[in-house]
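Colleague: Any chance you can model this:
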Amino acid sequence: GYPESLTDPSYHAQLLVLTYPLVGNYGVPDETERDEHGISRWFESERIWASALIVGEVSTRACHWRAKRSLGNWLSTHGIPGLCDIDTRSLTYRLREGVTLGRIVQGVPPFDPLPPMADPNSRNLVAEVSTKETKIFNPNGEVTIVAVDCGLKYNQIRCLIKRNAKVILVPWNHQLDTTEYDGLFISNGPGDPEVCKNVVDNLRSILQNKGKIKPIFGICLGHQLLSTAAGCKTYKTKYGNRGHNLPCTHSGTGRCFMTSQNHGFAVDTDTLPEDWKVLFTNENDKTNEGIIHKSEPYFSVQFHPEHTAGPTDLECLFDIFIEAVKSFKQNVRCIIDDMITKKFKFVPTIHERPKKVLILGSGGLSIGQAGEFDYSGSQGVKAMQEEKIQTVLINPNIATVQTSKGLADKVYFLPITPEYVEQVIKAERPTGILLTFGGQTALNCGVELQKSKIFEKYNVNVLGTPIQSIVDTEDRKIFAEKINAIGEKVAPSAAVTSVDEALAAAIQIGYPVMARSAFSLGGLGSGFANNEEELRALAHQALSHSDQLIIDKSLKGWKEVEYEVVRDAYDNCITVCNMENVDPLGIHTGESIVVAPSQTLSNREYYMLRNTAIKVIRHFGIVGECNIQYALNPYSEEFYIIEVNARLSRSSALASKATGYPLAYVAAKLALGIPLPVIKNSVTGVTTACFEPSLDYCVVKIPRWDLAKFNRVSTKIGSSMKSVGEVMSIGRSFEEAFQKALRMVDENVNGFDPNIKKVNENDLREPTDKRMFVLAAALKEGYSVEKLYELTKIDRWFLEKFKNIIEYYKTLGAYDSGSVTFDILKRAKKIGFSDKQIAAAIKSTELAVRKLREEYKITPFVKQIDTVAAEWPASTNYLYLTYNGNAHDLDFPGEYVMVLGSGVYRIGSSVEFDWCAVGCLRELRNQGKNTIMVNYNPETVSTDYDMSDRLYFEEISFEVVMDIYNIEHPSGVILS
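Modeller: Numbers count the residues shown, from 1 in each chain. As a prediction, this is how the structure comes out:
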């Protein structure tokens, strides 16, 4: 959202700090492009209003089909300075204590006296940004809206025009006349509302005129001005609310919505006159977010319902405003408060609260279904215990934490099959059952029990997502019909039950096609077919796993993007995490390198897919958590829905650890009918769980394959899962996180090393488990980004990042241990080079590089994952190391015991060692010891936020463990 934010007049005379790790990635669109009304199509005004841009990292190469220039080039053209390589997290810590005056000084010695700074808020900033003349848009509109420009964003005009309004844009101090319009709109803008006395006086005269009543709608500063005119007082907040994920609750219904905001002043509701009432409240800090007149058609909101950038959840307020304008124009009175309440009202289906709940585990570990369900099941049990509900668990896997003593009240080590589950139900008589915490095994078992009416027979309620919703998402034919019913698209496909039907469907859809089994795990029996012969072989194999086979149009080479979505029984919806596959479509998500947040989507693409995700989860009636996967055309906004998993999955575990948001825990609470806004964010302890986490870092997940342990097994990876585990790394740049992750997967690898594999174009075209190292070799050999894009279809942005690493290998190669400078070494650490990796490049040793680094005082900084990008105080213990910073986030009192986890799952070392680590942590806690956990496996219980006093999501290597040891000074280390 940086093009929209920079051109938002509300940022006039401000130094804008962006903490999101995606600045400049998709470049800047065409400034000259206009829509049919002559409005700039991609921007919020005709110029950049922010005084400067301050970021951690900026992409210098624009990689997007809509980009016309890079961000740096655009800023330079407009004479706007930009600063990068700033520790924006440390800066946010300072700013949240109170927004401060600041300036950027260049070429002046740091201690030279400078003239005092003037506070921009003492100026009439509104007069500086407002239009100087009246303008008319959509002259033939059905109703006429006068829009008072206090710093208006173009999307406010677009939202009004879209609803067929004629818009008359007037200067901020325009004398208002009710005969000129059918409705009055007051825009957002910069600065202190106290300075805009003219607007307040004009509005007050309109409010006091009891002649012809006409609707009024104010946004942001417009809200503060209307409130002041009505008799309210405003006050300056310490920090304000700024961002695209702020939760606001509607007073009439309790529904909570995500909003976009940028303000430093708020309305004091204690001064609200008798005939006005609160419309919205900020769910985090309880400040006012909107007021409404009890009988007259006047209302205003503090947030930005017109979004751009940000969520579109409340754009419907424009519908209500225009509807009211039309009614009053026809002399039909309406109460806007009633209209909004009717729009938001939702009648939930709530089961009676159970006293005893049966939880189905996932059974034995298999490819595609491993330790992540131990993690989700354990969280589910914890959530039930908090609510004082008895838990009965069925899981035959002895190597899991969830089956350990002290978690579930009762554990049955029995197969997860309908026959055995029925026996447990008969013996235990639970009143509720959770099916979505045990992967595909639990889900399929639950569907069978429902079909045979076992739940009905024993009066057991399925908690959370209804069984029918699960069936609707798993049966591909029903799924396609349901998606088409809401105007969305799945890839052209056909559900077949025989080889002949499959061949006929493929002719109709057109080769190449993808074939996959319904109700299957990890893409079992799936693959791509370019002709009849390949499809015949695939269909034979797939139909041995399932009665139904899906033939899909092949979208190989498209981007694959996924969202984790949460919905409660009251229809409150949020998207917790958005992830993008580095590998293009055609490779199963479980086999793919995944980055969070997505790095190549524009604001428009991100929210287009988010809106669809929320629309889909509502349509299917899912309660709890679900995962939705998309195929996105890399050259347009065309997309298809690939699938919806109406259950917790491996992606859910990854999303939980990537964001710090405990998805399984929250999903269990939602299954009991608890509203999302009521659940507290367990990381901050003060904000609500009904919010979308802010990431000021980058996460990379890489799978691990153990294919070398098997004879004659193909090393090619595709739509069917072969990986046995995965790692997750965290950094403040993509390169840092990516290189960390490669080392986590295999301790014998130094990073993105171009010397491991030789160039082989076939391995680039048809991916193998070692493709990344072939790619590194190709970049070293001089392959261009364009050539590699043609071969791999990996987005050019990622290829440019890979190229940065290989180029730096060459830079390091020009030095030896005696000539490496501070700057060279520091830059290497910032883009993820390990000491061992640097040593190999400069022909030295790891210990020598470490000694040199310590002499230069180049040591990592400890940062927290707090779900709120440092904007709120959080006592989180969830930590990572980075060289892209200049301060630690917390203090180090010492006296902790450090426990080293077992790392990535592999054949021979799996969930059993996580059980050991968790047992160790628990016993240390029982003995009154403070604990530090070091691990990097997102599927595990040991990396859950509440298992240790401090959790480092970090490499388990000599370098990193020693760095943590030197920072924390623990009293002991346990190798669990």
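Colleague: in the sheet, who's paired with the residue nearest to His174 when sequence neighbours are not counted?
Modeller: Once flanking residues are discounted, His174 sits nearest to Val148: 6.5 Å by C-beta to C-beta, 6 or more residues apart in numbering. Heads up, the C-betas are built off the backbone N, CA and C, glycines and all. Val148 forms beta bridges with Val170, Ile186, as assigned by DSSP bridges.
Colleague: swap in Asn645?
Modeller: Asn627.
Colleague: So for it, what's the pLDDT?
Modeller: Looking at Asn645, its pLDDT is 89.
Colleague: So it versus Val347, what's the distance?
Modeller: Applying C-beta to C-beta, to the nearest Å, the value for Asn645 to Val347 is 27 Å.
Colleague: who's more crowded, these two?
Modeller: Asn645 (25 against 8; other C-beta atoms under 10 Å).
Colleague: surely Gly380 meets Leu434?
Modeller: Yes: here Gly380 lies in contact with Leu434, judged by C-beta atoms under 8 Å, at a distance of 5.9 Å.
Colleague: Next one: the residue nearest to His174 from Ala229, what distance?
Modeller: Look at Val148 and Ala229: by C-beta to C-beta, they are 12 Å apart.
Colleague: wait, what's in contact with the residue nearest to His174?
Modeller: 170, 172, 174, 176, 184-187, 199, 202, 222 (C-beta atoms under 8 Å, 6 or more residues apart in numbering).
Colleague: who touches both of Gly380 and Leu434?
Modeller: Here Gly380 and Leu434 have 359, 668 as joint contacts, going by C-beta under 8 Å, 6+ apart.
Colleague: that older thread, please enumerate the shared neighbours of Val148 and Ala229.
Modeller: By C-beta under 8 Å, 6+ apart, no residue touches both Val148 and Ala229.
Colleague: and the residue most central in space within the chain, bridged to which residues?
Modeller: The chain has Cys577 as the residue nearest its centroid, 2.9 Å off, counting by C-alpha atoms, centre = their mean. Counting by DSSP bridges, Cys577 is bridged to Glu564.
Colleague: That one and Pro693 touch, don't they?
Modeller: Yes: here Cys577 reaches Pro693: they are 7.0 Å apart, a contact under C-beta under 8 Å.
Colleague: intersection of neighbour lists for those two?
Modeller: Joint contacts of Cys577 and Pro693 (C-beta under 8 Å, 6+ apart) are 659, 661.
Colleague: mind listing the strands in the stretch 751-900 of the chain by residue range?
Modeller: Applying DSSP state E, counting those that start in this stretch to the stretch 751-900 of the chain gives strands spanning 861-864, 878-882, 896-900.
Colleague: which outside residues touch stretch 32-44?
Modeller: Residues contacting stretch 32-44 (C-beta under 8 Å, 6+ apart): 3-4, 7-9, 29-31, 46, 66, 137-138, 153-155, 157-158, 161, 308.
Colleague: so of these, which ones are in strands?
Modeller: Cross-referencing these against strands under DSSP state E gives Phe137.
Colleague: Inside helices: which ones of the contacts of stretch 32-44?
Modeller: Counting by DSSP state H, the contacts of stretch 32-44 place 3-4, 154-155, 157-158, 161 in helices.
Colleague: Pick the one among the residues you listed closest to Glu790.
Modeller: If you rank those by distance to Glu790 using C-beta to C-beta, Pro3 comes first, at 28.9 Å.
Colleague: for the closest residue to that closest one other than its chain neighbours, what are its contacts?
Modeller: Among residues not flanking Pro3 along the chain, Val28 sits closest, at 5.5 Å (C-beta to C-beta, 6+ apart). Counting by C-beta under 8 Å, 6+ apart, Val28 touches 3, 62, 67-71, 73-74.
Colleague: any idea which of these is closest to Asp706?
Modeller: Checking the contacts of Val28 against Asp706 by C-beta to C-beta gives Ala62 as the nearest, at 39.4 Å.
Colleague: Please report how far that closest one lies from Arg796.
Modeller: Distance from Ala62 to Arg796, by C-beta to C-beta: 10 Å.
Colleague: higher neighbour count, those two?
Modeller: In this view Ala62 and Arg796 are compared by other C-beta under 10 Å, and Ala62 has more residues nearby, 22 against 18.
Colleague: thinking that one is in contact with Trp74, fair?
Modeller: No: Ala62 sits out of contact with Trp74 when judged by C-beta under 8 Å, with a separation of 9.3 Å.
Colleague: now Cys63: how far from Leu799?
Modeller: In terms of C-beta to C-beta, Cys63 sits 8 Å off from Leu799.
Colleague: Oh, that last question was meant for Ser875, not what I typed.
Modeller: Using C-beta to C-beta, we find Ser875 at a distance of 40 Å from Leu799.
Colleague: quick one, which of these two is more surrounded?
Modeller: For Ser875 versus Leu799, neighbours defined as other C-beta under 10 Å are more numerous around Leu799 (23 against 11).
Colleague: Let me see the contact set for the more buried one.
Modeller: With contact taken as C-beta under 8 Å, 6+ apart, Leu799 is in contact with 785, 788-789, 792.
Colleague: Identify the farthest-apart pair in the residues you listed.
Modeller: It's Val785 and Thr792 that sit farthest apart of the contacts of Leu799, by C-beta to C-beta, at 10.5 Å.
Colleague: Tell me the buried residues in the one helix or strand Lys482 maps to?
Modeller: Taking DSSP states H and E as the criterion, Lys482 maps to helix 476-485. Along helix 476-485, these residues count as buried under the neighbour rule (16 or more other C-beta atoms under 10 Å): 476, 479-480, 482-483.
Colleague: For that helix, give me every contacting residue.
Modeller: By C-beta under 8 Å, 6+ apart, the residues outside helix 476-485 that reach it are 471-473, 489-490, 493, 495, 518, 548, 550, 616, 619-620, 641, 643-644.
Colleague: and the helix or strand following that helix, what does it pack onto?
Modeller: Later in the chain than helix 476-485, the nearest helix or strand by DSSP H and E is strand 493-496. Contact analysis of strand 493-496 by 3 or more C-beta pairs under 8 Å, 6 or more residues apart in numbering; DSSP states H and E lists helix 476-485, helix 499-509, strand 549-553 as its packing neighbours.
Colleague: Start and end of stretch 695-711, how far apart?
Modeller: Distance between the two ends of stretch 695-711: 42 Å, counting by C-alpha to C-alpha, to the nearest Å.
Colleague: what about the helices in the stretch 101-250 of the chain?
Modeller: Assigned by DSSP state H, counting those that start in this stretch, the helices in the stretch 101-250 of the chain fall at 125-129, 154-162, 197-208, 221-230.
Colleague: can you give me the offset of the shortest one from its chain's centre?
Modeller: Its chain's average C-alpha position is 35 Å from that of helix 125-129, according to C-alpha atoms, centre = their mean, to the nearest Å.
Colleague: Next up, the contacts around the nearest residue to Phe346 once chain neighbours are set aside.
Modeller: In this structure, Phe346 finds its nearest non-sequential neighbour in Asp571, 4.2 Å apart by C-beta to C-beta, 6+ apart. Going by C-beta under 8 Å, 6+ apart, Asp571 touches 255, 346, 348, 618.
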